[in-house]
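K.L.:
This is the structure alone, sequence omitted:
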Ligand code: KG4
Ligand code: ZN
């Protein structure tokens, strides 16, 4: 069984074919980075237009690389939300048109479920597991109970963690996206040079907050100006270390809740673009080990937005008999705990 996946929820246009055997037959991504770079962030109208321009070619390329015709795939899976609504519409309408033309089922995939399930594609991990979902738009701790059944343990009350990296990077004079630049600069920096807050640390629950940390970075830059190269590296390292501590503090609480609810062995998955950060993965790996969890970080190509994770979510849903009608509406906001799942009798 093979599923064609389409992803257009933010600034990556992507198409992929993934088999029920877990083989990624093709995965193509057009990154719109240069389209948005001049604006310091993603411009929704530019993103939607770029999706329109590139998606057809990527779908054709993904099918060609997989050596399949459209009629050979078993279903079309397209991201139906959450995300920038113009872009989501481009991908979902394209998915619907392909499904209709080929007479194949449509699967409307929640983008966050795609991220959450990516470790089942790469590492075949079993439900239930704990997910730390860290992207430019989201920062959540999720208990993945079974397919379509997710409990939100915590979320950010202001900025997402990737957004915090991007905003802090801009204050440090780096380009967009800022995460990779901060990680690189932090390698040669002193994480103890600048005292920065660990937002929410020590508070009950699993919610995150990053806007105070961003403000502290701004204040530090203003006080230390002009900043030499080494100071910027030290600030990058201090910031990354504060983020690591904040994530670890919140994740520890989620681990305690998860451990109360489920017997072992436990799994922690880090998903989303920020999961590409090696220092953060190491910090969370240490925490996981201390708490008796094993840590899974999907390979680099599955961390940022991609269509292979959408196709894989499609494979899992198709296997569970979960397909969608062609009048399924695109959703800008679509929390993970509001997903259709299989009836209880199918879960197992
Ligand atoms: O998952 P993703 O590709 O797109 C969203 O759905 O948002 O995540 C993009 C975010 C950006 O904010 C980017 O700065 C961040 O992931 N990011 C990183 C790293 N690589 C990407 N943050 C920290 N360290 C990295 N190495
Ligand atoms: Zn994403």
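P.N.:
On my side now, so go ahead. It should be emphasised that the depicted structure is a prediction, and the values quoted were computed from it without experimental measurement. Ligands and ions are numbered 1, 2, ... in the order given.
K.L.:
quick one, phi psi at residue 275?
P.N.:
Torsion angles at residue 275 (phi, psi; degrees, to the nearest 10) stand at phi -60, psi -10.
K.L.:
That one against residue 285, yeah?
P.N.:
No - using C-beta atoms under 8 Å, residue 275 is not in contact with residue 285; the gap is 11.7 Å. Heads up, the C-betas are built off the backbone N, CA and C, glycines and all.
K.L.:
okay, these two: which has more neighbours?
P.N.:
Using other C-beta atoms under 10 Å as the criterion, residue 275 and residue 285 rank with residue 275 on top: 26 against 17.
K.L.:
tell me the contacts of the residue nearest to the spatial centre of the chain?
P.N.:
The centroid of the chain falls nearest to residue 272 when counting by C-alpha atoms, centre = their mean (2.6 Å). Residues near residue 272 by C-beta atoms under 8 Å, 6 or more residues apart in numbering: 115, 133-135, 138, 162, 303-304.
K.L.:
Just among these, which is most surrounded?
P.N.:
Neighbour tally across these (other C-beta under 10 Å): the maximum, 32 neighbours, falls on residue 115.
K.L.:
my guess is that one meets residue 134, correct?
P.N.:
No - Residue 115 lies out of contact with residue 134 (C-beta under 8 Å); the separation is 9.2 Å.
K.L.:
Tell me which residue of this structure is furthest from the middle?
P.N.:
Distance-from-mean max, the chain, by C-alpha atoms, centre = their mean: residue 226 at 35.3 Å.
K.L.:
ok, the closest residue in space to the residue nearest to the centre of the chain that isn't next to it in sequence - contacts?
P.N.:
Nearest non-adjacent residue to residue 272, counting by C-beta to C-beta, 6 or more residues apart in numbering: residue 135, 3.7 Å away. The contact partners of residue 135, by C-beta under 8 Å, 6+ apart, come to 115, 160-162, 272-274, 305.
K.L.:
now residue 167
P.N.:
Contacts of residue 167 (C-beta under 8 Å, 6+ apart): 159, 178, 214.
K.L.:
Next up, identify which helix or strand the last one is on.
P.N.:
Of the helices and strands defined by DSSP states H and E, residue 214 is found in helix 211-224.
K.L.:
buried ones in that helix?
P.N.:
Within helix 211-224, the residues scored as buried using 16 or more other C-beta atoms under 10 Å are 212-214, 216-217, 220-221.
K.L.:
These into a markdown table, with extra columns for distance to residue 312?
P.N.:
Shown next, in a markdown table, are the buried residues of helix 211-224 (distance: C-beta to C-beta, whole Å):
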| residue | distance to residue 312 |
| --- | --- |
| 212 | 36 |
| 213 | 33 |
| 214 | 34 |
| 216 | 39 |
| 217 | 36 |
| 220 | 42 |
| 221 | 41 |
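K.L.:
Among these, pick out the one closest to residue 267, please.
P.N.:
Distance to residue 267 across the buried residues of helix 211-224 (C-beta to C-beta) is lowest for residue 213, with 28.3 Å.
K.L.:
Tell me how far the closest one lies from ligand 2.
P.N.:
To ligand 2, residue 213 is 21 Å away according to C-beta to the ion, to the nearest Å.
K.L.:
wait, isn't that residue in contact with residue 195?
P.N.:
No - the pair residue 213 / residue 195 is not scored as a contact, 11.8 Å apart, by C-beta under 8 Å.
K.L.:
which one among the buried residues of helix 211-224 gets closest to ligand 1?
P.N.:
The nearest member of these to ligand 1, counting by C-beta to the nearest ligand atom, is residue 214 at 12.8 Å.
K.L.:
Just the pLDDT at the closest one, thanks.
P.N.:
Among the per-residue scores, residue 214 holds a pLDDT of 96.
K.L.:
before we move on, what about residue 265?
P.N.:
For residue 265, pLDDT reads 81.
K.L.:
Tell me, how many residues neighbour it?
P.N.:
Neighbourhood size, residue 265 [other C-beta under 10 Å]: 9.
K.L.:
tell me the contacts of it?
P.N.:
Neighbouring residues of residue 265 by C-beta under 8 Å, 6+ apart: 292, 294.
K.L.:
roughly how far apart are it and ligand 1?
P.N.:
27 Å (C-beta to the nearest ligand atom, to the nearest Å).
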